[in-house]
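In: Quick one, structure for this:
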Amino acid sequence: MASAAIVTMTRMMEMLPEPAQDQALEMLRDYIAEMHSEQKWDELFSQAQDGLMAAAQTARNEIAAGKATPMDYDKL
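Out: Presented below is the predicted three-dimensional model:
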């Protein structure tokens, strides 16, 4: 069973001439692919939060203990 949003989208698409339907479909495919990519990035980033927090805490501890040195950008 289609959601109300899908029914509305389908009705809107049906009002377009066929070449415009094809163009709209291609744009929709690209948009949905981008949404999937962003969702995957968000999931990966949220999974990495614990590791990022631990690395930040380690860096803070090393700075506080005087073990850290300023980065020399000329040596990169």
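In: Remind me which helix or strand the most centrally placed residue in the chain belongs to.
Out: Centroid-nearest residue in the chain: Glu38, 2.4 Å away (criterion: C-alpha atoms, centre = their mean). Per DSSP states H and E, Glu38 falls inside helix 18-47.
In: Quick check: next helix or strand after that helix?
Out: Next along from helix 18-47, by DSSP H and E: helix 49-64.
In: Other residues contacting that next one?
Out: Ala68 (C-beta atoms under 8 Å, 6 or more residues apart in numbering). In short, each C-beta sits where N, CA and C put it, glycine included.
In: what about that helix, average pLDDT?
Out: Taken as a whole, helix 49-64 has a mean pLDDT of 93.
In: swap in stretch 10-28?
Out: The average pLDDT within stretch 10-28 is 97.
In: Quick one: end-to-end distance for it.
Out: 12 Å (C-alpha to C-alpha, to the nearest Å).
In: got the angle for whichever strand or helix holds Met9 vs helix 18-47?
Out: Under the criterion of DSSP H and E, Met9 resides in helix 4-14. With axes from the mean of the first three to the mean of the last three C-alpha atoms, to 10 degrees defining the directions, helix 4-14 sits at 150 degrees from helix 18-47.
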